[in-house]
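[1] Provided below are the primary sequence and the corresponding predicted coordinates.
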Amino acid sequence: MLGQRQDDGLRYATGIRNAVAIAWNPFADALYVVQHGRDQLDTLWPEYFDAEDNANLPAEEFFRVDEGDDFGWPYCYYDPIQSKKVLAPEYGGDGKTVGRCDQFEDPIVAYPAHWAPNDLIFYDGTQFPERYRGGAFIAFHGSWNRAPLPQAGYNVVFQPMNADGTPAGDWEVFADGFAGTDQIRSTGDAKHRPMGLAVGPDGSLYISDSVRGRIWRVIYRGS
């Protein structure tokens with residue numbers, strides 16, 4: 001809409017870090033995001049975290065966003081090992097202290113650290129089997145900072161969802177192998193990195209790549 005100004009808007013929700021993957025869920029009639037979690041815990045706070053901690057913390061968080069929600073960034077991050085939000089070390093945390101973080105919204109699903117969720121879409125097609133309808137696809141661009149452990153992600157995940165917008169079970173890797181190698185030590189090793197998602201008019205799923213500009217079409221023919 002033309003003629004809009006900053007003061008025409010309102011703060012709908014807050015406390016979200018780097019949410020590139022944003023989508024409206026038409027089945028639940030609600031906004032959802034998957035945010036990139038923070039980095040460099042061991043680099044900045046070696047007295048509390050080592051390289052393995054940094055590789056596995058924090059989770060990439062999937063939120064349902066309702067008006068007035070506060071998800072806690074930059075004060076808190078979600079620890080998938082402890083299954084709770086804890087206070088960031090910049091604000092007095094030590095990897096265990098909860099502090100003010102008990103007042104913020106938790107994610108509806110937590111995904112592995114540093115996978116880099118870059119797109120989210122809810123499947124509204126009819127080509128795929130019934131279990132996919134209304135579920136979420138998430139494109140993970142892949143990590144860059146899990147050293148000395150191998151980098152991870154570089155895939156597309158399917159998250160089953162109920163009609164009311166709550167998770168309907170565990171997530172699963174829907175499409176993989178984009179990187180073209182099993183051992184990824186740096187992002188430059190990856191031949192392809194999932195970036196964007198779209199559902200075609202016929203219900204096919206399209207996946208775009210940020211390295212060479214390739215687009216894949218995923219179709220279902222059944223038996």
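    Arrived safely, thanks for sending.

[2] Going by C-alpha atoms from here, please, whenever you check contacts or count neighbours.
    Fine.

[3] so where does I22 fall, helix or strand?
    Taking DSSP states H and E as the criterion, I22 maps to strand 21-25.

[4] Packing partners of that strand?
    In terms of contact count using 3 or more C-alpha pairs under 8 Å, 6 or more residues apart in numbering; DSSP states H and E, strand 21-25 is assigned the packing partners strand 30-35, strand 117-122.

[5] Which residue ranges of the protein form strands?
    For the chain, applying DSSP state E gives strands covering 21-25, 30-35, 60-65, 76-79, 84-87, 109-111, 117-122, 136-140, 155-159, 172-175, 194-199, 205-209, 215-218.

[6] low-confidence ranges in the chain?
    Using pLDDT under 70 as the threshold, the predicted model of the chain has no low-confidence range.

[7] Not counting its own residues, what contacts the longest helix anywhere in it?
    When the chain is parsed with DSSP state H, its longest helix is helix 51-56. When contacts are defined by C-alpha atoms under 8 Å, 6 or more residues apart in numbering, helix 51-56 is touched by residues 39-42, 112-114, 145-149.

[8] Name the stretch among the helices and strands packed on strand 21-25 that sits most buried.
    Mean neighbours per residue, mean count of other C-alpha atoms under 10 Å, is largest over the helices and strands packed on strand 21-25 for strand 117-122, with a mean of 26.

[9] what is the orientation angle of that strand with strand 21-25?
    10 degrees (axes from the mean of the first three to the mean of the last three C-alpha atoms, to 10 degrees).

[10] which secondary structure elements does strand 117-122 contact?
    Checking 3+ C-alpha pairs under 8 Å, 6+ apart, strand 117-122 ends up next to strand 21-25, strand 30-35, strand 136-140, strand 194-199.

[11] Distance to A51 added to the ones you listed, as TSV?
    Formatted as TSV, the entries for these read as follows, by distance: least, C-alpha to C-alpha, whole Å:
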stretch	distance to A51
strand 21-25	27
strand 30-35	22
strand 136-140	22
strand 194-199	26
